[in-house]
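In: this one's structure only:
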Ligand code: ADP
């Protein structure tokens, strides 16, 4: 089946056309500056081909049309007509408590998605715009929604409830939702496959460490806890996000510097994390370079990040009553051997023993723990697009 995977942001849209039988990426690309002017970057991996064009994209509908034109073009196309696209899979950030799995998108689902907008006012409107644009341009192609939050809907109450007045949960849906669910689901599934054991028997801690970072405790294939919360601001310190902090700090800083809540949240979302501590960069490559040249705050930022990841691994091992495997994924997790080593060292007491030579690897599925390590440590590149395409193919073929 040929599935078009769409990840729509407010002014950009990523796409990937995938053959779900062979798992080949037929074409992929990016529309940028939607609503401003419009730029398309289109790649065909099999031909090592890259095409760039300035195309007017006043709305997402023109962006999707330019994607279809590129996919069908004589020069750099991979299909002859839209009818070759069997289904479209959409990444949707927030599914609230409405969606515990991927769904076929119909009128009722669109209404439920609208209901989730207050929970993710920055992300969900763009996702919905992307779905409506595809419906306009490809009215007869079935569409599926895949949610970042869905995998974490299995968390028990004790993990998702905040210790706030209960009515904020009951009336206002204030609770931990968690994000990166598609990635945590994919890598935990791959971990079980790599270990050659049924996922139902395994306790896995998945560390998605990128520009945004989160950790999940996956017990028997189900997420039982995760570090992001009501929003993706919670949990670990990230590239530019603070992660968890004492809410009292906000009142103190807002009073002292006469900030309103918008300005405060801008600091917490855009100016904090490893960028905030280092004053150098949100990118771990820049931090490593700066630290190697003697920049103490860059080294400290990396140390704070690694320490918090290590602390949560301990917490989730305690929550699950043990751990069989720890997985590293996403930009930092897949590429930064030094971060992985710093995080995993010192965990020998709980049965983690790293293999320094095996850990010296980037971007490919590898066991990086020592042969005798009780807890296996794995590097697994994430593939959220593949998960979205496979879910979409499964749901659509089940309807035929
Ligand atoms: P996003 O959350 O935007 O999807 P990614 O998962 O792509 O982020 O991760 C991007 C981050 O990965 C970069 O900001 C950078 O910090 C980190 N990264 C990528 N390559 C390396 C590397 N070789 N060494 C250290 N960090 C890296």
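Out: It's in. Keep in mind that this is a model prediction, so the values were computed, not measured.
In: from now on I want contacts and neighbour counts done on CA atoms only, so please keep to that.
Out: Will do.
In: what's in contact with stretch 374-385?
Out: Here stretch 374-385 makes contact (Cα atoms under 8 Å, 6 or more residues apart in numbering) with 5, 16, 182-183, 186-187, 190-191, 323-330, 333-334, 350-354, 363-369.
In: keep the residues you listed, but drop any that are not near the ligand.
Out: residue 330 (Cα under 6 Å from any ligand atom).
In: ranges for the strands of the stretch 51-200 of the chain?
Out: 87-92, 103-104, 143-147 (DSSP state E, counting those that start in this stretch).
In: which helices and strands does the shortest one pack with?
Out: Applying 3 or more Cα pairs under 8 Å, 6 or more residues apart in numbering; DSSP states H and E, we find strand 103-104 packed against strand 143-147, helix 384-398.
In: which helices and strands does the first one pack with?
Out: Contacting strand 143-147 under the criterion 3+ Cα pairs under 8 Å, 6+ apart are the following elements: strand 87-92, strand 103-104, helix 181-195, helix 384-398.
In: what packs against the helix or strand following the third one?
Out: What it means is helix 181-195. With elements assigned by DSSP states H and E, the helix or strand that comes after helix 181-195 is strand 203-209. With contacts defined as 3+ Cα pairs under 8 Å, 6+ apart, strand 203-209 has these neighbours: helix 181-195, strand 213-219, helix 296-320, strand 325-329, helix 330-335.
In: mind giving me the packing neighbours of the second one?
Out: For strand 213-219, the helices and strands in contact under the criterion 3+ Cα pairs under 8 Å, 6+ apart are strand 203-209, strand 222-226, helix 296-320.
In: then the last one?
Out: With contacts taken as 3+ Cα pairs under 8 Å, 6+ apart, helix 330-335 sits against strand 203-209, helix 337-344.
In: near the ligand, which residues of this protein are found?
Out: So far as Cα under 6 Å from any ligand atom goes, the chain lies against the ligand at 210-212, 283-285, 330-332, 335-336.
In: can you lay out those as JSON lines showing neighbour count?
Out: Formatted as JSON lines, the residues of the chain next to the ligand follow (neighbours: other Cα atoms under 10 Å):
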{"residue": "210", "neighbour count": "18"}
{"residue": "211", "neighbour count": "18"}
{"residue": "212", "neighbour count": "22"}
{"residue": "283", "neighbour count": "17"}
{"residue": "284", "neighbour count": "22"}
{"residue": "285", "neighbour count": "13"}
{"residue": "330", "neighbour count": "22"}
{"residue": "331", "neighbour count": "20"}
{"residue": "332", "neighbour count": "24"}
{"residue": "335", "neighbour count": "23"}
{"residue": "336", "neighbour count": "21"}
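In: as TSV, these with pLDDT would be great.
Out: What follows is the residues of the chain next to the ligand, written out as TSV (pLDDT from 0 to 100):
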residue	pLDDT
210	96
211	94
212	96
283	97
284	97
285	97
330	97
331	96
332	97
335	97
336	98
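In: wait, which of these is closest to residue 393?
Out: Proximity of the residues of the chain next to the ligand to residue 393 (Cα to Cα) peaks at residue 330, which lies at 24.4 Å.
In: for the closest one, what are its contacts?
Out: Residue 330 sits in contact with 208-210, 381-382, where contact means Cα under 8 Å, 6+ apart.
In: what does residue 96 give?
Out: So residue 96 contacts 116, 119, 149, 177 (Cα under 8 Å, 6+ apart).
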